[in-house]
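Colleague: Need coordinates for the following:
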Amino acid sequence: MADWQNLSDRVNNVAPSATLAVDSKAKAMKAQGIDIVAYGAGEPNFPTPDYIVDAAAAACRDPKNHRYTPTAGLPELREAIARKTLRDSGYEVSPDQVVVTNGGKQSVYEVFQLLLNPGDEVIIPAPYWTSYPEVVKLAGGKPVPVFSGAEQGFEPDIDKIEAARTDRTKAIIITSPSNPTGAVWSRETIKAIGEWAVEHHVWVVSDEIYEHLNYDGVKTAYVGAEVPEVRNQLLVLNGVAKTYAMTGWRVGWTVAPLEVAKAQTKLQSHMTSNVANVSQRAALAAVAGDLSAVAAMREAFDKRRRAIVAALNEIPGVHCPMPTGAFYAFANIEELLGKPLGANGSVAHTSQEFAALLLDEGHVAAVPGEAFGAPGYLRFSYALSDEDLAKGMRYFKEWIG
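Modeller: From the prediction side, this is the model:
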């Protein structure tokens, strides 16, 4: 028999995705007939806009889409992404700087394979997206979390970042709007990080996939626009998943300095080759079009944002600040730890234990803060229907008692 324990240290040292684990368990319970309200996965509940679906349907019937394309992506799509970068981010890039990937997650994985040698360090402002530390470890690097709490608006402090820097610091991650907190970092913070990176010759990896999901008049600041000097050491990660409700189409991209883009194309040529042509044609319709589709979704998200924050703050022991971006509420539940919960009087000593009990007994799925480097918190995605959102909050409050 095979020794399944004898796998590589590389894979054994990586934790599974906590968000997908919660989502999978919630779906399994639903399949058993249990009424579960899932706030776990960050997936818009809207259908992909019709004009994008129509473009994909037409692409299916065109034989040219039945073949390989260049590894870095359809030339037309790369050109459209370059135009979109100028429109949204405010600076010009060449289509040759764009590499189209199988979802944003492949872009995240590949850039750290490109940048890191064993022992290199990556500063990751926390709370962070659960996969960042794992992809750093998969590349042989060392994640260096720098935490900022709710009292700081979950916004990183440049002095703490500098204190974390060593002679092994190779990169820093920017993610604004943020998953999991929904925080939109200020222009001043983005500018300070960019200038710090230039001064210390540190790569900047900017994850901008939630760029268009902002509320209350808050705008996304782009480090490439705020600090033009950083562009030679900047890798931007993005995709169509969140903006256009296209999570299942699996199209992301990297915008990088030309030599880095060439290296990424070389790496991807040995991994997956090109992204599925039909998905690329759909992404082209999305990226080349206007932002009217996201405007309608953003309006619905805004309504849900206000509803879920109000509902969470009505639950004794729960404290949730109002997010200004993305579609997540990040609630502090520390006051509920170590106390009897629900009709069974169960006790959770960590937010991870709390989330497990909330799902098993309260039938509400949320992701524990440990997954994001923030114990004591729960992340709730409000990318679900108004009815389910209200029902889940009712379940949560009733379970607390």
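
Colleague: Name the nearest residue to N332, sequence neighbours excluded.
Modeller: The shortest distance from N332 to any non-neighbouring residue, by CB to CB, 6 or more residues apart in numbering, is to H319 (4.5 Å). (Glycine included, C-beta is placed from N, CA and C.)

Colleague: And the helices in the chain, which stretches?
Modeller: 9-12, 18-31, 50-60, 75-89, 103-115, 131-138, 158-164, 187-200, 223-226, 258-271, 277-288, 292-313, 351-360, 386-400 (DSSP state H).

Colleague: Could you dump the ones you listed into CSV and include mean neighbour count?
Modeller: Formatted as CSV, the helices of the chain follow (neighbours: other CB atoms under 10 Å):
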stretch, mean neighbour count
helix 9-12, 9
helix 18-31, 17
helix 50-60, 15
helix 75-89, 19
helix 103-115, 23
helix 131-138, 21
helix 158-164, 14
helix 187-200, 19
helix 223-226, 21
helix 258-271, 16
helix 277-288, 23
helix 292-313, 17
helix 351-360, 21
helix 386-400, 17
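
Colleague: Looking at those, spot the one closest to V122.
Modeller: Across the helices of the chain, V122 has its closest neighbour in helix 131-138 (4.8 Å, CB to CB).

Colleague: what does the closest one rub up against?
Modeller: The list of residues contacting helix 131-138 from outside it, by CB atoms under 8 Å, 6 or more residues apart in numbering, reads 10, 13-15, 17, 105, 108-109, 112-113, 116, 122, 124, 142-143, 145, 173, 373.

Colleague: please redo it, this time with the cut-off set to 6 Å
Modeller: Contacts to helix 131-138, defined as CB atoms under 6 Å, 6 or more residues apart in numbering, come from residues N13, V14, A15, V108, Y109, F112, V122, I124, P143, I173.

Colleague: Now do that helix: distance to the chain's middle.
Modeller: Its chain's average C-alpha position is 13 Å from that of helix 131-138, according to CA atoms, centre = their mean, to the nearest Å.

Colleague: could I get that helix in CSV with only the CA atoms?
Modeller: Taking C-alpha atoms only, helix 131-138 is exported to CSV below (Å, rounded to 0.1, in the frame of the first residue of the first chain):
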residue,chain,number,x,y,z
SER,A,131,-4.4,31.9,0.9
TYR,A,132,-1.7,34.5,1.1
PRO,A,133,0.5,32.8,3.7
GLU,A,134,0.0,29.4,2.1
VAL,A,135,1.1,30.5,-1.4
VAL,A,136,4.1,32.2,0.2
LYS,A,137,5.1,28.9,2.0
LEU,A,138,4.5,26.9,-1.2
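
Colleague: got the angle between it and helix 103-115?
Modeller: Angle of helix 131-138 versus helix 103-115, following axes from the mean of the first three to the mean of the last three CA atoms, to 10 degrees, is 40 degrees.

Colleague: Measure how helix 131-138 sits relative to helix 18-31, angle-wise.
Modeller: 120 degrees.

Colleague: Average pLDDT for helix 131-138, rounded please.
Modeller: Taken as a whole, helix 131-138 carries a mean pLDDT of 97.

Colleague: now, which of the contacts of helix 131-138 sits nearest V364?
Modeller: A15 (22.8 Å).

Colleague: What is the neighbour count of the closest one?
Modeller: Neighbour count for A15, taken as other CB atoms under 10 Å: 13.

Colleague: tell me the pLDDT at it?
Modeller: Listed pLDDT for A15 reads 82.

Colleague: Spit out the contact partners of it.
Modeller: A15 makes contact with E134, according to CB under 6 Å, 6+ apart.

Colleague: any idea how far Y328 is from it?
Modeller: As judged by CB to CB, to the nearest Å, A15 and Y328 stand 20 Å apart.

Colleague: do the same with D386
Modeller: D386 is 17 Å from Y328, where distance means CB to CB.

Colleague: Please consider this matter closed, and thank you.
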